[in-house]
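Chemist: sequence-free structure coming up:
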């Protein structure tokens, strides 16, 4: 496949017909002025060293050079070139609770938004690591498999809301199981699962899932978001969530289940409050993990072809410099031009 990396420079080609038109007008004007001096054949005889053909050839070579310069700047590319990219880092799965209770604003701006802010800053810290994203409530889904595409990770992260999962609840066990399945089978690679939840209404099986993850070499870092005092759940329409009796629902952080999961998963429990302390602790712990070659991905790139065009441009410029408008007496017996 052929393409130009910077096609905007091809607009320089417009100059060629413009300059050519100007050149033709100038030459016509000069010819009319020459006629005022006398017969053109006589003038040519009196000025044998002057060659109008040489002037035309030099101009044509200059226009050709201008065209080649525009092509070089546009960087012609053809075909594909496979390159192997090795990354040295760790694998990190991030499971974010998107249940309705995460809309509680006992942590500003809300539990969910605070969680997204922490993850976003964490992703910005990544260099050659791989990241995956899982959302969960009453069930869990993989939004982004393990990847080094941090732009996509932040894009999916920004779109997280309670409507991401239709089934309400807090199924931490399924979130851990789904996130664990997303890791590679490669040994000697640091693996971390960052579980962000308020752990309210947690369903059974989370401790067992955490133990299985630990056996697979995965450390679980539990970020508990919220306060023990809790608060009401303000929905996106501004109303507060109510129970069947019409009472405003109050959600409270379940710290103990978070600590139990972190202990079973061989990781760390971190409480998220209004400060940035949780962010700093998490970044510090992630930085300690073992980094190994975690991928050898192949990608295709277009092969640059401008070198050949630049070489042709060089010869054109040399030819233009070697051709003089007046005949060289050293080569007067060689008649390339009239």
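Modeler: Right, received. Where do you want to start? Just so it is clear, the structure is predicted and the values come from calculations on it, not from any experiment.

Chemist: Would you map the strands across this structure?
Modeler: 2-4, 76-89, 91-97, 130-136, 140-147, 191-197, 218-225, 231-232, 250-251, 268-272, 292-304 (DSSP state E).

Chemist: Against which helices or strands is the fourth one packed?
Modeler: Looking back up the chat, that one is strand 130-136. strand 91-97, strand 140-147, helix 150-158, helix 172-181 (3 or more CB pairs under 8 Å, 6 or more residues apart in numbering; DSSP states H and E). For the C-beta atoms, the positions are set from N, CA and C on the backbone; glycine is no exception.

Chemist: could the ones you listed be laid out in a markdown table, adding distance to residue 164?
Modeler: Shown next, in a markdown table, are the helices and strands packed on strand 130-136 (distance: least, CB to CB, whole Å):
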| stretch | distance to residue 164 |
| --- | --- |
| strand 91-97 | 9 |
| strand 140-147 | 8 |
| helix 150-158 | 9 |
| helix 172-181 | 12 |
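
Chemist: nearest to residue 109, of the strands of the chain?
Modeler: Comparison of those against residue 109 by CB to CB identifies strand 218-225 as nearest, at 11.8 Å.

Chemist: Who are the packing partners of that closest one?
Modeler: Judged by 3+ CB pairs under 8 Å, 6+ apart, the packing partners of strand 218-225 are helix 111-125, strand 191-197, helix 206-215, helix 255-264, strand 268-272, helix 277-287.

Chemist: Could you pull out the buried residues of the third one?
Modeler: Of the residues in helix 206-215, 206, 207, 209, 210, 211, 213, 214 count as buried by neighbour count, 16 or more other CB atoms under 10 Å.

Chemist: cool, and the last one?
Modeler: Taking 16+ other CB under 10 Å as the basis for neighbour counts, the residues of helix 277-287 that come out buried are 278, 279, 281, 282, 285, 286.

Chemist: Let me know the angle separating it from helix 111-125.
Modeler: 40 degrees (axes from the mean of the first three to the mean of the last three CA atoms, to 10 degrees).

Chemist: coming back round to it: out of the helices and strands packed on strand 218-225, flag the one nearest residue 321.
Modeler: helix 111-125 (53.4 Å).

Chemist: okay, the helices and strands packed on strand 218-225 in TSV with distance to residue 183 and mean pLDDT next?
Modeler: Converted to TSV, the helices and strands packed on strand 218-225 look like this (distance: least, CB to CB, whole Å; pLDDT from 0 to 100):
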stretch	distance to residue 183	mean pLDDT
helix 111-125	17	92
strand 191-197	5	94
helix 206-215	9	94
helix 255-264	17	93
strand 268-272	18	93
helix 277-287	15	87
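
Chemist: Dump the ones you listed into a markdown table; add distance to residue 6 as well.
Modeler: Below are those laid out as a markdown table (distance: least, CB to CB, whole Å):
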| stretch | distance to residue 6 |
| --- | --- |
| helix 111-125 | 29 |
| strand 191-197 | 41 |
| helix 206-215 | 48 |
| helix 255-264 | 51 |
| strand 268-272 | 46 |
| helix 277-287 | 39 |
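
Chemist: So which of these is nearest residue 237?
Modeler: When the helices and strands packed on strand 218-225 are compared by CB to CB, helix 111-125 sits nearest residue 237, at 15.7 Å.
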